[in-house]
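Please work out how this folds:
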Amino acid sequence: MTSPVRDFYEGYKMISNNAEFNSLILYRSLLDDELVNLVCQIIDYDRTADQSGFEDIFYRISHRLLEYSRMHGSQGDVWQAYFFDLMLEDENPFSLECELSGDEINPQLRGMARHDLDILRNLYSLKWSDIGKSVSIPLTCNYPCFKGLIPCDPARLEAKGKLFGSAGVSDPEAMLAALESYYRQFGCGLLGRYSAFRWDGGLRPITHPDPVTMDKIIGYDYQKQILLDNTSAFVEGKPANNVLLYGAKGTGKSSSVKALLNRFAEQGLRMVEISRRQLADIHKITDQLRYRCHRFIIFIDDLSFEDFEVDYKYIKASMEGSLEVRPQNILFYVTSNRRHLIRENWNDRQRGEDEVFPPDSQQEKLSFADRFGISLAYLSPDQELYLRMVAEMAENEGIKMDLQELRGKAIQWELSHHGRSGRSARQFIDDLLGRL
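Predicted structure coming up:
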């Protein structure tokens, strides 16, 4: 007799041979999940034939669920929490249409979703603690309560809680309504779960984005307000501009951009960070984001080019000038130490013998920076602003020190280190905290 355990080792064939699951239309990708396959084996397992094999698979699943719970936190039954996350992150025609169309869902498409939920009911209504009790393995009946290593938006947790309520009454219609509500509010896939991403041949979530907020960036009030106004218009669906933040090192250019995500993420803003070497992938990135409901800022930090480099032409055409229209839900926010991004030489401003029309080359270099409708200068702070940064940071950290002594030490620090900047002030405060 063939053991179900052997099926497990031969590639999880049980679920693929199950006619009911094979009739899934929208949520078919759930069949590819290893843990779903193992749970299906547990449900249909003949324990009288192979009790040890059953326990082996049971403990494998328990181990995986415990890892999941530790990373993402405990909310309700751990299996249901895991399975709901699979459903919420599944990008299929129904979830994507809910994300884009809101309440106007095609009735036939909604019927297909209801069809799939009827099939999946036995899976999403299953409680792992009940299985533990039924097989007399009490250790796995109640999992430890974990806060979760990966932060989760409280609003998302509340929306996910509605899924637990729907599963408790085993009502596919209530489950369908809860899914629709979630997709409309947050979107589906990883974009519905995370707000910050990096590009690595595909979107990779940043699970712990920088929590910096605008009020923590001292000074540069004019620049910050322009950024807030432009980004607010963008997330509201109004016309907005690409932004170039240029100026001295350590003045808060990057922090200002990152603070925007923490301000507007709940309104649907997402941020994708790319490096200069990934500029050739710009069209792949915009194609992937174009048809999503979210608003995206493509963030490129510390961008500059030598005069012989031409990679800037990838992003230049994407911002303006390409035959393909620029997606209305994408903006570029770029930081640089150079105002025009491309290195300029004095010879560029003179008519040399080796070029017939030297001004053309100069205009080519300047035309890239012209693609940014807003350019904001972050200049090195004067001594008064630098000392104000130090004083406010010291107060926020609870440092008790005579103000004149603090100012004197701060001036000594900037003279012997990296000059005056917000970064230098932060480094001084960190050094001071380490010595107290």
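
Give me the buried stretch members for stretch 223-233, please.
By neighbour count, and taking 16 or more other C-beta atoms under 10 Å as the criterion, the buried residues in stretch 223-233 are 223-224, 226-228, 230-232. All C-beta atoms are positioned from the backbone trio N, CA, C, and that covers glycine.

cool, stretch 194-208 as well?
Quick answer for stretch 194-208 (16+ other C-beta under 10 Å): 194-199, 203.

Show the average pLDDT along it.
Averaged across stretch 194-208, the pLDDT comes to 94.

The buried residues of stretch 194-208 in strands, which ones?
Of the positions in the buried residues of stretch 194-208, 196-199, 203 sit in strands, assigned by DSSP state E.

quick one on the thing from earlier: make a markdown table out of the buried residues of stretch 194-208 and add distance to Ile105.
What follows is the buried residues of stretch 194-208, written out as a markdown table (distance: C-beta to C-beta, whole Å):
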| residue | distance to Ile105 |
| --- | --- |
| Tyr194 | 25 |
| Ser195 | 25 |
| Ala196 | 29 |
| Phe197 | 27 |
| Arg198 | 32 |
| Trp199 | 31 |
| Leu203 | 25 |
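
Quickly check those for the two that are furthest apart.
Pairwise distances across the buried residues of stretch 194-208 (C-beta to C-beta) peak at 15.0 Å, for the pair Ser195 and Trp199.

now the strands for the stretch 301-436 of the chain?
Shown for the stretch 301-436 of the chain, the strands assigned by DSSP state E, counting those that start in this stretch span residues 330-336, 374-378.

Including distance to Asp118, mean pLDDT and mean neighbour count, could those strands go into JSON lines?
Conversion of the strands of the stretch 301-436 of the chain to JSON lines gives the following (distance: least, C-beta to C-beta, whole Å; pLDDT from 0 to 100; neighbours: other C-beta atoms under 10 Å):
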{"stretch": "strand 330-336", "distance to Asp118": "38", "mean pLDDT": "93", "mean neighbour count": "23"}
{"stretch": "strand 374-378", "distance to Asp118": "52", "mean pLDDT": "93", "mean neighbour count": "18"}
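
As CSV, these with distance to Ser255 would be great.
As requested, the strands of the stretch 301-436 of the chain are exported to CSV (distance: least, C-beta to C-beta, whole Å):
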stretch, distance to Ser255
strand 330-336, 10
strand 374-378, 10
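
now the closest residue to Leu157 other than its chain neighbours: how far from Asn396?
On the basis of C-beta to C-beta, 6 or more residues apart in numbering, the spatially nearest residue to Leu157 that is not a chain neighbour turns out to be Gln75, at 6.4 Å. Separation of Gln75 from Asn396 (C-beta to C-beta, to the nearest Å): 33 Å.

between these two, who's got more neighbours?
Neighbour totals were compared for Gln75 and Asn396, and Gln75 leads with 19 against 11 (other C-beta atoms under 10 Å).

The more buried one contacts Phe84, correct?
No - with contact defined as C-beta atoms under 8 Å, Gln75 does not count as touching Phe84 (9.2 Å).

what residues do the two have in common as contacts?
Shared contacts of Gln75 and Phe84, defined by C-beta atoms under 8 Å, 6 or more residues apart in numbering, comprise 160, 164.

Quick one: distance of stretch 185-197 to the chain centre.
What separates the centre of stretch 185-197 from the centre of its chain is 7 Å, taken as C-alpha atoms, centre = their mean, to the nearest Å.

From what I see, Arg339 and Ser375 are in contact.
Yes - using C-beta under 8 Å, Arg339 is in contact with Ser375, at 7.4 Å.

Pull the residues that contact stretch 271-281.
If you take C-beta under 8 Å, 6+ apart as the criterion, stretch 271-281 is touched by 195-199, 201, 203, 206, 209, 257-258, 260-261, 282, 285, 289, 296-301, 303, 311-312, 314-315.

now with 7 Å?
Residues from elsewhere that reach stretch 271-281 (C-beta atoms under 7 Å, 6 or more residues apart in numbering): 195-199, 203, 261, 285, 296-300, 303, 311, 314-315.

Stretch 164-183 now?
Applying C-beta under 7 Å, 6+ apart, the set of residues contacting stretch 164-183 is 76, 80, 87-88, 95, 98-99, 105, 113-114, 117-118, 121, 124-125, 159, 162-163.

could I get the lengthiest helix in the chain in PDB with only the CA atoms?
Taking DSSP state H as the assignment, the helix of the chain that covers the most residues is helix 51-72. Extracted C-alpha coordinates of helix 51-72, given in PDB (Å, rounded to 0.1, in the frame of the first residue of the first chain):
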ATOM      1  CA  GLN A  51       0.400   6.900  12.700                       C
ATOM      2  CA  SER A  52       4.100   7.800  12.800                       C
ATOM      3  CA  GLY A  53       3.900   9.300   9.300                       C
ATOM      4  CA  PHE A  54       0.900  11.300  10.300                       C
ATOM      5  CA  GLU A  55       2.700  12.700  13.400                       C
ATOM      6  CA  ASP A  56       5.800  13.500  11.200                       C
ATOM      7  CA  ILE A  57       3.800  15.700   8.900                       C
ATOM      8  CA  PHE A  58       1.800  17.200  11.800                       C
ATOM      9  CA  TYR A  59       5.000  18.300  13.500                       C
ATOM     10  CA  ARG A  60       6.400  19.700  10.300                       C
ATOM     11  CA  ILE A  61       3.400  21.800   9.800                       C
ATOM     12  CA  SER A  62       3.500  22.900  13.500                       C
ATOM     13  CA  HIS A  63       7.100  24.000  13.100                       C
ATOM     14  CA  ARG A  64       6.400  26.100  10.000                       C
ATOM     15  CA  LEU A  65       3.300  27.700  11.600                       C
ATOM     16  CA  LEU A  66       5.400  28.600  14.700                       C
ATOM     17  CA  GLU A  67       8.000  30.300  12.500                       C
ATOM     18  CA  TYR A  68       5.200  32.200  10.700                       C
ATOM     19  CA  SER A  69       3.700  33.300  14.000                       C
ATOM     20  CA  ARG A  70       7.000  34.500  15.400                       C
ATOM     21  CA  MET A  71       7.600  36.600  12.300                       C
ATOM     22  CA  HIS A  72       4.100  38.000  11.700                       C
END
